[in-house]
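> missing the sequence, but the structure's below:
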């Protein structure tokens, strides 16, 4: 399991985003996910499933084909694989 149920230490900008969302009534937190040999997309989808999320909101970005082959592409993974939760992509 990649998620231990507790929010993680985060980057100051992430903390700012969480505070901004809280001001709008959104209960959000920052979570560092361990990849454990998976691609970023696989780890993201698996963690969202474990957490039983109601909605995954993420940025949608593309990279060079070579970079995505080597590092994987979270956006491409989420677009090409069916999930049990809705995904909102924004660019």
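Sure, I can see it. Values in this document were obtained by computation on a predicted structure and should not be read as measured data. Residues are numbered from 1 along each chain as shown.

> now do the SS call for the residue most central in space within the chain.
Centroid-nearest residue in the chain, with Cα atoms, centre = their mean: residue 44, separated by 4.9 Å. The three-state label for residue 44, taken from DSSP: H, G, I helix; E, B strand; the rest coil, comes out as helix.

> compute the first-to-last residue distance for stretch 57-73.
16 Å (Cα to Cα, to the nearest Å).

> check which residues of stretch 31-42 are buried.
31, 33, 38, 39, 41, 42 (16 or more other Cβ atoms under 10 Å). Every C-beta, even on glycine, is put in place using the N, C-alpha and C of the backbone.

> what's the burial count for the closest residue to the residue nearest to the centre of the chain other than its chain neighbours?
Nearest residue to residue 44, sequence neighbours excluded (Cβ to Cβ, 6 or more residues apart in numbering): residue 74, at 5.6 Å. By other Cβ atoms under 10 Å, 21 other residues sit near residue 74.

> ok, now which ones touch residue 74?
39, 40, 41, 44, 58 (Cβ atoms under 8 Å, 6 or more residues apart in numbering).
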